[in-house]
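# Provided below for reference: sequence and predicted model.
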Amino acid sequence: MSLKTWPLFAAAAFLSFTLGCRQKEEAALRVGSDAPALNVARWVKGDGPAGLEAGNVYVIEFWATWCPPCRDSIPHLTHLAHAYRDRVTFIGVSVWEQGSGQETEDHVDAFVSGMGDTMDYLVARDTESNTMADAWMRAAGQDGIPCAFIVDGNGKIAWIGHPMSSMEKEIDAVLAKADS
């Protein structure tokens, strides 16, 4: 790729990821649906819950190490995780990583470790067979990352979208409903 075409490629890649987190009409998983199971291969950072517990609010965010918009959203998610520390559990799930096996696991571990406190929330790794990506992303008609889901205290999907958009307002609305 020449230096002249690189800006066009970068712009196209950015748009495909930032515009990719949109609900498709035929999606089976929608706002109001029961949240799928939390079925991760392993926890990379922190000891996450074995499953989604009733009465708790969650933000489940899907990302990958190779995704520039995902890397850009990590500090924002950390800010939100700190702001809602006692009321919302934030979980980042690494999906669609390039490669497989131990080399990929080591790459994700090194990435998360290298982020340090900039990535200060629970982080998990999807299974080799993409269990989480299929149950959440594919079922919701999502093909772009980063993409976040808010799960309310009743275990229902309350919001699906790009984590840099109106997520904070949506979290506030979910928490307000829980308080009433």
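Alright, I've got the coordinates.

# for residue 108, give me its contacts.
Residue 108 makes contacts with 44, 65, 94, 97, 125, as judged by Cβ atoms under 8 Å, 6 or more residues apart in numbering. Every residue, glycine included, has its C-beta placed from N, CA and C.

# what about 6 Å?
Going by Cβ atoms under 6 Å, 6 or more residues apart in numbering, residue 108 touches 94, 125.

# how near is the spatially most central residue of the chain to residue 110?
Using Cα atoms, centre = their mean, the residue of the chain that lies closest to the mean C-alpha position is residue 61, 1.3 Å off. Relative to residue 110, residue 61 is positioned 20 Å away (Cβ to Cβ, to the nearest Å).

# can you pull up the bridge partners for residue 63?
When bridges are called by DSSP bridges, residue 63 pairs up with residue 94.

# from what I can see it touches residue 147, true?
No: Residue 63 lies out of contact with residue 147 (Cβ atoms under 6 Å); the separation is 8.4 Å.

# mind checking the SS state of the residue nearest to the centre of the chain?
Classification of residue 61 using DSSP: H, G, I helix; E, B strand; the rest coil returns strand.

# dump whatever helix or strand residue 111 lives in to PDB, keeping only the CA atoms.
Assigned by DSSP states H and E, residue 111 belongs to helix 101-115. Provided in PDB are the C-alpha atoms of helix 101-115 (Å, rounded to 0.1, in the frame of the first residue of the first chain):
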ATOM      1  CA  GLY A 101      -3.700 -20.800  20.200                       C
ATOM      2  CA  GLN A 102      -1.200 -19.800  22.800                       C
ATOM      3  CA  GLU A 103       0.400 -17.100  20.700                       C
ATOM      4  CA  THR A 104      -2.900 -15.200  20.500                       C
ATOM      5  CA  GLU A 105      -3.500 -15.700  24.200                       C
ATOM      6  CA  ASP A 106      -0.100 -14.300  24.900                       C
ATOM      7  CA  HIS A 107      -0.700 -11.400  22.600                       C
ATOM      8  CA  VAL A 108      -4.000 -10.400  24.300                       C
ATOM      9  CA  ASP A 109      -2.400 -10.900  27.800                       C
ATOM     10  CA  ALA A 110       0.500  -8.600  26.800                       C
ATOM     11  CA  PHE A 111      -1.800  -6.000  25.300                       C
ATOM     12  CA  VAL A 112      -4.000  -5.900  28.500                       C
ATOM     13  CA  SER A 113      -0.900  -5.900  30.800                       C
ATOM     14  CA  GLY A 114       0.600  -3.100  28.700                       C
ATOM     15  CA  MET A 115      -2.600  -1.000  29.100                       C
END
